[in-house]
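*Asks:* sequence first, predicted coordinates after that:
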Amino acid sequence: MNQENKNFVLFAVIAALILFGWPVIQNRFFPTANPPVTKIEAGKQKVLPQPAADPTADTPAAIRDRTAVLREAPRVQIDTPTMHGSINLRGARIDDLVLKNYKETIAKDSPPVRLLSPAGTRDAYFAGFGWRDEGLAPPSSDTVWTASSQLLAPGRPVTLTAANAKGQRFAIELSVDDGYMFSIKQTVANAGPAPVPVAAYGLVNRAGVSEDPDSWTVHVGPMSVHNDKADYDVNFKDVDEGDKRFSTTGGWLGFVDKYWLTALIPDQARAFDGQFRAGANKAYQADYTSSAQLLQPGRQVTQSSRFFAGAKEVRLLDHYTDKEGVNRFDYALDWGWFRLIEKPIFYYLDWLFRHLGNFGIAIILLTLTIRLLMFPIAQRQFASMANMRAVQPKMKAIQERYKDDKPRMQQEIMALYKAEKVNPLAGCLPTLLQIPIFYALYKMLMLTIEMRHQPFVGWIKDLSAPDPLTPVNLFGLLAFTPPSFLAIGVVPILLGISMYFQFKLNPAPMDDAQKQIFSLMPWVLMFVMAPFAVGLQVYWITSNVLTILQQKLLYARHPGLKEAPAK
């Protein structure tokens, strides 16, 4: 077997490994897009149900009907521009909350996403606040509190009160902003004859793990910020093995889903002990206890905290971090290593979207901006490629002359580079610069809720999901749903075509095996990219088209790049 055949066989093996091994790598390090929101049947687009959007949806397997449970105890209604729900006066729990601005599906009649649900229902999820029972005798979980008002809204706080037989009075004042943040003031008044220790606590309890996948790229599950660092290392399975505790001053803890967050935020100036623990029936709890204060007779003490329950909107998380002093609250989004690149890209993309009203067009303009910024570097890359191509015959001659003397060959090649003023690494620079930009865009589109359910054109109703239209089943005319690895949508096909023409414009390799490799590469990458979000594919197609236009322009300035090197 000659060398060219060996190279081709090697490439075939690598291509097979990419196609069949990529899903394993992808699931661990690069999770794909959200599930498709639509399905093409008989040439018509139908909205698919999204059960994962409602982590507490009632089903026939539910423990009890949610509506019936909500009627069993007196409640205070919650109504804000972003949330609707109620507070359970039995136990002083926030256990009923839906998000007004987010729907389960893209259907017009889709219900809003439900985040919190009371105990006794399937996938219960709730928050509670109280005091440790260490000589204080606080109200129990069955205590029915008295409310000062029947409505909690921005600018309309509600105070819950209760008392015990020892002369101790308890109050929980709740207020809420127009985002997703509750403020809690827990007050104890001691009318008894002896001092008592007062240590307030807060808890978030959820039944079962998140339906969103946890991966190396996107953290889902228990999360905390303590000792001025974000901790993404604790997963549900770690909590199953034992309690995870920490002590800190400043910080927070809770549970993160891909788009949603519940977080307990103690007083940022006071020390507290936090922990994650697992309970019966696969329940998980995040809770904290503030440092105890000794309350003398005739005195009262108030301990403050906050509770966030809502969507992980970038601007809102940054606001609570920068304007309201919540330590690293913006780290609820796991930006990762390229945070310094991802956040500016997001803010620019979000600015474009707010002005244009179409997220897909905003992505196209973002791509155009990036390509314009990198145009000077691309010019140098093409000039370097032209010079490298011009010296190839001399390099071949040196390789033939010193094929038995490798050190001398390297010396002569380096001397040739110096004499011809050629830098072989210069052509790689734009590619190396694009890698962190592409990855940053990938993470930004994966993490942020702002692209969720955003339409583009035609059949593309959600840029955060894969393309649902595929020729494999004749665009939905056949009653056949292809498996995921064959469901190549129209947009990924356009991506493959754009890469094909881009590769065709590149200088043809001198080796025939390399030519075959480059001719197959666009179609291999087409299959690799097919499961990703359409928004990411739109970015890559636009980048390829701009690269083709750029190449044509630069070929006109560097005609030696397209010419075959002299023998």
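*Replies:* Structure's in. What do you need?

*Asks:* which residue is the nearest non-sequential neighbour of the residue positioned nearest the centre of the chain?
*Replies:* The residue lying closest to the centre of the chain (CA atoms, centre = their mean) is Leu447, at 1.9 Å. Spatially, and ignoring its direct neighbours in sequence, Leu447 is nearest to Leu333 (5.2 Å; CB to CB, 6 or more residues apart in numbering). C-beta coordinates here come from the backbone N, C-alpha and C atoms, glycine included.

*Asks:* from memory the one you found sits against Arg315, does it?
*Replies:* No - between Leu333 and Arg315 there is no contact under CB atoms under 8 Å: 11.4 Å.

*Asks:* which of these two has more residues huddled nearby?
*Replies:* Higher neighbour count among Leu333 and Arg315: Leu333, with 27 against 12, using other CB atoms under 10 Å.

*Asks:* where do the strands sit along the stretch 101-250 of the chain?
*Replies:* 112-116, 125-131, 146-147, 151-152, 158-163, 168-176, 181-190, 196-198, 200-207, 221-226, 229-231, 244-249 (DSSP state E, counting those that start in this stretch).

*Asks:* for those strands, which one sits closest to Arg66?
*Replies:* strand 112-116 (8.6 Å; CB to CB).

*Asks:* so that closest one versus strand 125-131, what angle?
*Replies:* Using axes from the mean of the first three to the mean of the last three CA atoms, to 10 degrees, one finds that strand 112-116 and strand 125-131 are set 40 degrees apart in direction.

*Asks:* following the host helix or strand of Thr302, which helix or strand comes up?
*Replies:* Using DSSP states H and E, the element containing Thr302 is strand 300-311. Downstream of strand 300-311, the first helix or strand assigned by DSSP H and E is helix 314-322.

*Asks:* so which elements touch that following helix?
*Replies:* For helix 314-322, the elements it packs on are helix 339-356, judged by 3 or more CB pairs under 8 Å, 6 or more residues apart in numbering; DSSP states H and E.

*Asks:* which residues of the chain score low on pLDDT?
*Replies:* 1-62, 381-383, 385-386, 389, 424-431, 473-486, 506-518, 558-567 (pLDDT under 70).

*Asks:* which residue ranges of it form helices?
*Replies:* 3-29, 66-70, 236-241, 314-322, 339-356, 359-401, 406-420, 429-447, 490-505, 512-529, 534-557 (DSSP state H).

*Asks:* give me the buried positions along stretch 84-99.
*Replies:* 85-99 (16 or more other CB atoms under 10 Å).

*Asks:* nearest to Leu546, of those residues?
*Replies:* Leu99 (37.7 Å).

*Asks:* for the closest one, give me its contacts.
*Replies:* Thr82, Met83, Pro112, Val113, Arg114, Leu115, Tyr180, Trp260, Gly310, Ala311 (CB atoms under 8 Å, 6 or more residues apart in numbering).

*Asks:* give the buried residues for stretch 457-477.
*Replies:* Buried residues in stretch 457-477 (16+ other CB under 10 Å): 459-470, 473, 476.

*Asks:* off-centre distance for that stretch?
*Replies:* Relative to its parent chain, stretch 457-477 has a centroid offset of 23 Å by CA atoms, centre = their mean, to the nearest Å.

*Asks:* can you check stretch 369-387 too?
*Replies:* 32 Å.

*Asks:* stretch 85-97 now?
*Replies:* 29 Å.

*Asks:* CA atoms only for it, dumped as CSV, please.
*Replies:* C-alpha atoms of stretch 85-97 as CSV (Å, rounded to 0.1, in the frame of the first residue of the first chain):
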residue,chain,number,x,y,z
GLY,A,85,-48.5,32.3,42.7
SER,A,86,-49.2,32.1,46.4
ILE,A,87,-47.6,31.6,49.9
ASN,A,88,-48.8,28.7,52.0
LEU,A,89,-49.7,30.1,55.5
ARG,A,90,-49.4,26.6,56.9
GLY,A,91,-45.7,26.5,57.5
ALA,A,92,-44.9,29.9,55.9
ARG,A,93,-43.8,28.3,52.6
ILE,A,94,-43.4,29.9,49.1
ASP,A,95,-44.6,26.8,47.2
ASP,A,96,-46.7,28.0,44.3
LEU,A,97,-45.0,30.0,41.6
